[in-house]
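Visitor: Just to be clear, the model below is a prediction. Sequence and coordinates:
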Amino acid sequence: MSDALSWNKQDVERKLGLQGGRGTNAGLVLPLGIAMVGTVAFFGVLTLFRQTRFAAMFLERGLIPYPTIFLAFWSLGILFVKRAKTAQHRRALSCQLLPEGVAFVLTPATADTVVTEVYSIAEDPEEFIVFRRVLTTLRSLKNLGRVGDVNELLRSLGERDESALQTSFATIQGFLWCIPVLGFIGTVLGLSQAIGAFGELLEDNVELTSVVQSLKGVTGGLSTAFETTLIALVIAVILQLLVTSQRKNEEFLLDDISEYCLRNIIGRLRILEMEEVVDT
């Protein structure tokens, strides 16, 4: 048996000994690990440049930037895993299942030959979207009476895979909602800090020099208010663009899988007995 395609050996999560998710769905552990390492590394580097304006936006604006960056790296981890899985599924599309040439006709009698070929190509074909769809269809040929029934089965399997695709983005869509909310929470906290400092300033009867010093607390609160929101919104925009790109990649993958099945199954299929009965 050839191991040119092996999900257990080549999947980015299972190579690390993790269970991972099926299809293009990312598991929990690897993206979470990427988030933890990325967050620690990011703030560790910033501490080396603490005197810069950019570092101050993250290190001197309260606690909100920390969960914001953590969710950002978690989202990037999910996208990294999903992109790797998409590439792995696309590799399967380059495999030739049916003999070339018009002489071979796919029928319920020859379906077992194709099933054997699938298992010779991949050690664990059920893990690949295209092979899972092909195997389900081939194993159902004996129970289907017309080519149209096969086409309907493939369409149903395609809709199931599209639903799984939408579900696989649920976590990251939640993060995309949460990140701007964290920014707005930072705005409220910063404005509260600024208003509190300004209120204390009005209550105190102090000299002009003291007033100037007290105003620093007000401006610091305003900086927290606006910069935490700025960070969150910029991160959300960048992530949304990356999510949109990955979603398109996966949608193109499913389109190519559907075309692959139409070309290799519907285009080569002949259900002899039932079609001859219909013809008569």
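Guide: Yep, it's here.
Visitor: What residues does H89 make contact with?
Guide: 23-24, 128-130, 253, 257 (CB atoms under 8 Å, 6 or more residues apart in numbering). C-beta: built from backbone N, CA, C; applies to glycine.
Visitor: Now which of the residues you listed would you call buried?
Guide: 23-24, 128-130, 253, 257 (16 or more other CB atoms under 10 Å).
Visitor: right, and the pair among the residues you listed with maximum separation?
Guide: Pairwise distances across the buried ones among the contacts of H89 peak at 12.4 Å for T24 and V130 (criterion: CB to CB).
Visitor: re the thing from before, format the buried ones among the contacts of H89 as JSON lines; extra columns: secondary structure and pLDDT.
Guide: Shown next, in JSON lines, are the buried ones among the contacts of H89 (DSSP: H, G, I helix; E, B strand; the rest coil; pLDDT from 0 to 100):
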{"residue": "G23", "secondary structure": "coil", "pLDDT": "88"}
{"residue": "T24", "secondary structure": "coil", "pLDDT": "91"}
{"residue": "F128", "secondary structure": "coil", "pLDDT": "93"}
{"residue": "I129", "secondary structure": "helix", "pLDDT": "93"}
{"residue": "V130", "secondary structure": "helix", "pLDDT": "93"}
{"residue": "L253", "secondary structure": "helix", "pLDDT": "95"}
{"residue": "I257", "secondary structure": "helix", "pLDDT": "93"}
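Visitor: Of those residues, which is the nearest to A232?
Guide: T24 (27.1 Å).
Visitor: so how many other residues sit close to the closest residue to N8 other than its chain neighbours?
Guide: Excluding the flanking residues, the one nearest N8 by CB to CB, 6 or more residues apart in numbering is R14, at 5.2 Å. Applying other CB atoms under 10 Å, we find 17 residues neighbouring R14.
Visitor: check contacts around R14.
Guide: Per CB under 8 Å, 6+ apart, neighbours of R14: 7-8, 20.
Visitor: pLDDT check: weakest of these?
Guide: Taken together, the contacts of R14 show their lowest pLDDT at G20, with 79.
Visitor: I'd assumed it was in a strand, is it?
Guide: No - under DSSP: H, G, I helix; E, B strand; the rest coil, G20 falls outside any strand and is assigned coil.
Visitor: There's contact between it and Q10 in this structure, I believe.
Guide: No - counting by CB atoms under 8 Å, G20 does not reach Q10; the two are 11.6 Å apart.
Visitor: which among the buried ones among the contacts of H89 gets closest to I231?
Guide: For the buried ones among the contacts of H89, the nearest to I231 is T24 (29.2 Å; CB to CB).
Visitor: For the closest one, grab phi and psi.
Guide: phi -100, psi 10 (degrees, to the nearest 10).
Visitor: And it, how far from R90?
Guide: 10 Å (CB to CB, to the nearest Å).
Visitor: any shared contact partners between these two?
Guide: L253.
Visitor: Return the residues in contact with I69.
Guide: So I69 contacts 39, 42-43, 58, 235 (CB under 8 Å, 6+ apart).
Visitor: any idea which element it lies in?
Guide: helix 65-92 (DSSP states H and E).
Visitor: Pull out the buried positions in the very next helix or strand once past that helix.
Guide: Using DSSP H and E, the helix or strand that follows helix 65-92 in sequence is helix 111-121. Applying a neighbour-count criterion of 16+ other CB under 10 Å, the buried positions in helix 111-121 are 111, 114-115, 118, 121.
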